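Novice: mind folding the following:
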Amino acid sequence: MTLTTLQLSHPKGTVCYREVGEGEPLVLVHGVGMQDASWGPQVEFFAKTHRVIAVNMPGHGGSTALPQGSQLEDYVEWLHAVISALGFEQVNLAGHSMGALISGGYAATHPERVKRVALLNGVYRRTPEARSAVQARAKEIAQGNINIDGPLSRWFGNSDVELNAKEQVGNWLREVDPVGYAITYNAFAHGDATYADKWEEIRCPALLLTGDGDPNSTKEMAVDMAQAAQDGIVCIIEGHRHMVNLTAPEQVNAAMASWLKQPIRTNG
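Specialist: All right, here's what the predicted structure looks like:
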C-alpha cells in the first residue's frame, strides 16, 4: 500500500494518503501528531470489504500544513476539498480525536456527502478546567515545547498490548513536523464546541466510541453526542484509553463493522 500525493486547490497544497480495497469508500482521519499508519488494524480489516482511504491531515505524514491560526472550520473545509478531489459523492467517514472533531464537523456541514460517521475518542463540550488545560498545552507547543511523555502517560496503561502501541505512537509523535503539529493542536484545543450545537442535525448513523479510561475523550461526551444525534450509537470499550483503535482493535473493528451495516435514513 503505497503513499499517494494529491494536489488540492490553492492554498491547501497537497494531501498524502494510502488507499486499499474495493467497495464503498471508508475515509479515515487520524488525530493530532499521528499519521495514516495509526489506522493500521482498521485498514487491514476493512480492506476486505471497503475501499479504504487513510488520509494524512495537514502538517502530518507529508501533507501540506494549513496556515498559522487555522481553526477547526478550516480543517473541515480541507476534508471537503480532499473528498471532492478524490471524486466521491458520498463516503463513510471515521475520525479519531482531532480527526473525530473534523469528521463530526464535516457531517454537520456537508450531510449530503456522508453516509455514516464514526467518532473515536472524540471531544465534545469540554469542562472549563479541561478546556483551560488543553489550551495551555497548545500555547506550550506553539512555543516549541513539545513534551510527548505527557500524552503517552495519559493514553496508555502498562499491559503488553498498550506498551507495544505506546512505542509505536511515541515514534509517530517524534516524527511529526513541529509546525504542523502546533497549528493543528491549536485548532484541536479550541474546537470542542465549534459544531456542538449542530449535532441534533446529524441524521446519518453516528457511532460514538471511546475507552472508559480516556480522561479527555470521556464516555460522558460519547453519550451526550449520541443522544444529541438523530441516529447515535454508543460504544464504550472497557479497560482502554485514548488509542483504543490500537489497544483494542478487535472490539473497535467489530463496532465499526456493525456501524457500517446500519441502514441509511432517507430524507423526509
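Novice: how many other residues sit next to the residue lying closest to residue 97 once chain neighbours are set aside?
Specialist: Of all residues not flanking residue 97 in the chain, residue 31 sits nearest, at 3.1 Å (Cβ to Cβ, 6 or more residues apart in numbering). C-beta here means a position set from N, CA and C on the backbone, and glycine is covered the same way. Close neighbours of residue 31, defined as other Cβ atoms under 10 Å, add up to 30.
Novice: so how far is residue 188 from residue 31?
Specialist: 8 Å (Cβ to Cβ, to the nearest Å).
Novice: need the residues touching each of these two.
Specialist: By Cβ atoms under 8 Å, 6 or more residues apart in numbering, residue 31 and residue 188 have these common neighbours: 97-98.
Novice: where do the strands sit along the stretch 101-250 of the chain?
Specialist: In the stretch 101-250 of the chain, the segments counted as strands under DSSP state E, counting those that start in this stretch are 114-120, 206-211, 232-237.
Novice: how about low-confidence regions in the protein?
Specialist: Scanning the chain for pLDDT under 70 picks out 1, 266-268.
Novice: got a list of what the closest residue to residue 166 other than its chain neighbours touches?
Specialist: Nearest residue to residue 166, sequence neighbours excluded (Cβ to Cβ, 6+ apart): residue 156, at 4.2 Å. By Cβ under 8 Å, 6+ apart, the residues touching residue 156 are 162-163, 165-166, 169, 241, 243, 247.
Novice: buried among the residues you listed? Need that as a selection in ChimeraX.
Specialist: The buried residues among these can be selected in ChimeraX (16 or more other Cβ atoms under 10 Å) with this line:
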select :162,165,166,169,241,243,247
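Novice: which of the contacts of residue 156 lies closest to residue 221?
Specialist: Taking Cβ to Cβ as the measure, residue 221 sits nearest to residue 241 out of the contacts of residue 156, at 14.0 Å.
Novice: so the closest one sits right up against residue 247, yeah?
Specialist: Yes. Contact criterion Cβ atoms under 8 Å: residue 241 and residue 247 qualify, at 7.2 Å.
Novice: list the residues that contact both of those two?
Specialist: With Cβ under 8 Å, 6+ apart as the test, residue 241 and residue 247 both reach 156, 162, 211.
Novice: what about the nearest residue to the last one once chain neighbours are set aside, how many neighbours?
Specialist: Read that as residue 211. Spatial nearest neighbour of residue 211, excluding adjacent residues (Cβ to Cβ, 6+ apart): residue 240 at 3.6 Å. Applying other Cβ under 10 Å, we find 26 residues neighbouring residue 240.
Novice: for residue 245, see how far away residue 81 is.
Specialist: 25 Å.
Novice: ok, the two, which is more surrounded?
Specialist: Between residue 81 and residue 245, residue 245 has the larger neighbour count (other Cβ under 10 Å), namely 28 against 15.
Novice: so what's the more buried one up against?
Specialist: 38-39, 41-42, 96, 120, 252.
Novice: go with 10 Å
Specialist: By Cβ atoms under 10 Å, 6 or more residues apart in numbering, residue 245 lies in contact with 28, 30-31, 38-42, 94, 96, 120-121, 165, 209, 211, 237, 251-253, 256.
Novice: filter those residues down to the buried ones.
Specialist: 28, 30-31, 38-39, 41-42, 94, 96, 120-121, 165, 209, 211, 237, 251-253, 256.
Novice: now residue 244: how far from residue 235?
Specialist: To residue 235, residue 244 is 10 Å away according to Cβ to Cβ.
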